[in-house]
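Undergrad: Predicted model follows, preceded by the sequence.
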Amino acid sequence: MGKVVGITAMTREGTAENFAEEKFRLAVEACPSGMVMTDGAGTIVLVNTETERLFGYRRDELIGRPMEMLVPRRLRGEYLKQRAVFALRPEPRRVQAGCELFGLRRDGTEFPVEVSLNPIHTSDGLFVLSVIVDIGERRRVERLKDEFVSTVSHELRTPLTSIAGSLGLLVGGAAGALPEGALRLLTIAQSNSARLVRLINDILDIEKIESGQLVFNFKRVDVRALIEQVIEANHGYADGFGVHVRLEPDATASEVPADADRLAQVFTNLLSNAIKFSPRNGEVAVAIEQQAGSVRVLVRDHGDGIPEKFKPRIFEKFAQADATDARQKGGTGLGLSIVKEIVARLGGNVGFIDAEDGGTEFFVELPDWAAINAREVDSARDPDALRILLCEDDPGAALALREGLRPLGFRTDFAHMPAEALARAQSCAYAAILVDLELPDGNGPALLRQLREQPENYHTPIVILSAEPAEIASDGSRLNTTKRVTKPVDVYVLAQILDGTVARSTPGRPRILHIDDDRDVLDLVAQTLESTAYVVSADSLNEARRALLTNEFDLAVLDITLGAICGLELLPELRNRNGAPIPVIVFSAHTAELAPDPQVEARLNKARASLEDLIAAVHDRLMLKTPPSRQEVA
């Protein structure tokens, strides 16, 4: 009886497993995006119908083939790099490449794609599910939008600004006294042309923000002083509506990292919105509160409040609760949308609540300057990571670069101001220093000179970050910098520069990657080959993958047995930046069972081969005078 129950349970378990697999297969098949599953070696094991349509292959022509066949040749090095990064941290993510991604169809044509990676953990190991989206139509729409914005900017804003200015002069009496009827008509025309100029400026602003073209110059900003300036600047506007604006007397003096001009735009938009919708002879109150790790600014009006149905849409573009009232007040429906976008770029958040006794209270929360400073020292616990200093005034960009460099073996400390950079560089021995040339007030070049004047950093490698390659080229040699990187920064390019700079290897010296889980063997081989090549030692597959991301290698020495893992799993990933295979010497206790592989140019058994045999094999493959010969010591 017990045996029958056991068989029944196994049958149910098998049925449930089959049912789950069938549901997964149907979900993949029904997906409107291309879906490709690959195994640990990058071999395709599953595709859906949309993939067949996108790439022009039949399913049976893809199964069992390498994923590289769907990638243009010029991007295969990037693909291998992304695969290695994913193997180090297998978690769902969108591929963020330093260049545009393209798929390669069967007929040889290319099309722009967006790729997301998802790990699938099974008893047979890690599989990767790639979701591929054709973004060709999206790119076409973006081009049309860019053309429209360009037309608005060049063909509409310039003449409208001129018209509004001319009408303003006429209304002001620059051409002499005008009849009352003409003055009334000109006043209407001037008011509406000014409104059109504001609308166009708002459209262009929000387009720049969303496309990332709006430059933010971060520095330490005194929030109270800035709000006082904004209130004073909007005094005349408030008088026109008969509204008084008041800063609460207990408003605390607080500092935040921000772009002062953009933050002033945020407060201006919130104030103008509150003023417009306040009753005549009403009051708008502004308060500043210091909270744990943040600064909160509140703008409160005493108007009719926000209709319940409109609240979910209040930060949307062109959103207006009452179009008739908005026309009377002169609103464009873009002010609050711009506020939300700018605050997001400043690393904060914006919202609103219904105020007591009527009206609405908008609030903006920004990270406090002291809290940002507390994050400046990288607390990563990897003892082998190289510590570098990043001089960058944009906290968001600094954090993103730190996260990108961390899995590649770097710990990144921040300095947002030149004085802080000099203090940190003097008190801590950094492996390298990164300097954003566009620091506030043009202090980037000055900081470079001051760093070189510090005895501790006379020889420290310095890498310039800048959006202007020409500017870097002119300053780089004069200021004794090591390398330059154009912004936005490609972390893989930067990691290669840092690795090569810190290693200080002789130009043209061969590089060898040695993978072995025996640290004594790694040290012995590194010392033995020291005079021949620069050796990077890795005691695991993950360490080897990290090294492949930041180095170009001429040769690999590989142990087949790495604990419970087979070192041969790494063979498909031993490629250079162009996707060409790196020659491999197998140096292992188990070579007899190794199947022939064109990439493996020598097989040396640790038990029988001496270090002299390994040196000879390395020399044989690194010397270009004679072709490499097959060598085996079994």
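TA: Structure's in. What do you need?

Undergrad: contacts and neighbour counts: CA atoms only from here.
TA: Will do.

Undergrad: What lies in contact with stretch 400-417?
TA: 88, 219, 375-378, 380, 384-395, 398, 421, 424, 439, 489, 491, 495, 546-547, 549-550 (CA atoms under 8 Å, 6 or more residues apart in numbering).

Undergrad: Torsion angles phi and psi at the residue nearest to residue 615 when sequence neighbours are not counted?
TA: Sequence neighbours aside, residue 529 is the residue nearest to residue 615 in space, at 6.9 Å (criterion: CA to CA, 6 or more residues apart in numbering). When read as degrees, to the nearest 10, the backbone of residue 529 gives phi -90, psi 10.

Undergrad: Residue 529: how many residues sit nearby?
TA: By other CA atoms under 10 Å, 17 other residues sit near residue 529.

Undergrad: Okay, it and residue 619: tell me how far apart.
TA: 10 Å (CA to CA, to the nearest Å).

Undergrad: same thing with residue 448?
TA: Applying CA to CA, the value for residue 448 to residue 619 is 42 Å.

Undergrad: Let me see the contact set for residue 163.
TA: For residue 163, the contacting residues are residue 193, by CA under 8 Å, 6+ apart.

Undergrad: part of a strand, is it?
TA: No - counting by DSSP: H, G, I helix; E, B strand; the rest coil, residue 163 falls outside a strand, being helix.

Undergrad: show me where the stretch 201-350 of the chain has helices.
TA: Per DSSP state H, counting those that start in this stretch, the stretch 201-350 of the chain carries helices over the ranges 223-233, 235-240, 260-276, 323-329, 335-345.

Undergrad: With residue 79 as the reference, name the closest of these.
TA: Among the helices of the stretch 201-350 of the chain, the nearest to residue 79 by CA to CA is helix 335-345 (30.1 Å).

Undergrad: Buried residues, that closest one. List them.
TA: Across helix 335-345, burial judged by 16 or more other CA atoms under 10 Å covers 335-343, 345.

Undergrad: can you list those residues in CSV and add pLDDT and distance to residue 567?
TA: Formatted as CSV, the buried residues of helix 335-345 follow (pLDDT from 0 to 100; distance: CA to CA, whole Å):
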residue, pLDDT, distance to residue 567
335, 80, 59
336, 86, 57
337, 84, 54
338, 86, 53
339, 88, 54
340, 89, 51
341, 86, 49
342, 88, 49
343, 89, 49
345, 82, 45
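
Undergrad: Which residue, neighbours along the chain excluded, lies closest to residue 36?
TA: Closest to residue 36 by CA to CA, 6+ apart is residue 47, at 4.6 Å.

Undergrad: Tell me if I'm right that the one you found and residue 35 touch.
TA: Yes - counting by CA atoms under 8 Å, residue 35 is a contact partner of residue 47 at 5.7 Å.

Undergrad: Residue 182 sits in which helix or strand?
TA: Assigned by DSSP states H and E, residue 182 belongs to helix 180-211.

Undergrad: report the angle between the axes of that helix and helix 335-345?
TA: Comparing the axes of helix 180-211 and helix 335-345 via axes from the mean of the first three to the mean of the last three CA atoms, to 10 degrees yields an angle of 30 degrees.

Undergrad: For helix 180-211, which helices and strands make contact with it?
TA: Contact analysis of helix 180-211 by 3 or more CA pairs under 8 Å, 6 or more residues apart in numbering; DSSP states H and E lists helix 158-171, helix 335-345 as its packing neighbours.

Undergrad: just to revisit the earlier point, any idea which of the helices of the stretch 201-350 of the chain gets closest to residue 109?
TA: Across the helices of the stretch 201-350 of the chain, residue 109 has its closest neighbour in helix 335-345 (37.7 Å, CA to CA).

Undergrad: and residue 30, how many neighbours?
TA: The number of residues packed near residue 30 is 13, by other CA under 10 Å.

Undergrad: For the helix or strand hosting residue 387, the averaged confidence score.
TA: If you go by DSSP H and E, residue 387 is part of strand 386-391. The predicted model gives strand 386-391 an average pLDDT of 89.

Undergrad: follow-up on the earlier one: when residue 448 and residue 619 are compared, which one has more neighbours?
TA: residue 448 (25 against 15).

Undergrad: and that one, what are its phi and psi?
TA: Residue 448 adopts backbone torsions of phi -60, psi -40, taken as degrees, to the nearest 10.

Undergrad: From residue 622, how far out is it?
TA: 39 Å.

Undergrad: and what of residue 360?
TA: From residue 360 across to residue 622, the span is 74 Å (CA to CA).

Undergrad: just to revisit the earlier point, quick one: which of the helices of the stretch 201-350 of the chain is nearest residue 303?
TA: helix 260-276 (8.0 Å).

Undergrad: who does the closest one touch, helix- and strand-wise?
TA: helix 223-233, helix 235-240, strand 283-291, strand 294-300, helix 335-345.

Undergrad: can you give me the angle it makes with helix 335-345?
TA: Taking the same axes, to 10 degrees, helix 260-276 and helix 335-345 form an angle of 150 degrees between their directions.

Undergrad: what angle do helix 260-276 and helix 223-233 make?
TA: Using the same axes, to 10 degrees: helix 260-276 against helix 223-233 is 50 degrees.

Undergrad: which residues make contact with helix 260-276 from outside it?
TA: Under CA under 8 Å, 6+ apart, the answer for helix 260-276 is 216-219, 221, 226-227, 230, 234, 237-238, 241, 243, 284, 299-301, 303, 329, 335-336, 338-339, 342-343, 362.

Undergrad: Can you find the helix or strand in this protein with the smallest mean pLDDT?
TA: Using mean pLDDT, DSSP states H and E, the weakest-scoring helix or strand in the chain turns out to be helix 469-478, at a mean of 44.

Undergrad: Buried residues of the helix holding residue 182, list them for me.
TA: Neighbour-count burial for helix 180-211 [16+ other CA under 10 Å]: 183, 186-187, 189-190, 193-200, 202-207, 209.

Undergrad: what residue ranges in the stretch 151-300 of the chain are flagged as low confidence?
TA: In the predicted model of the stretch 151-300 of the chain, residues 152-154, 210-215 satisfy pLDDT under 70.
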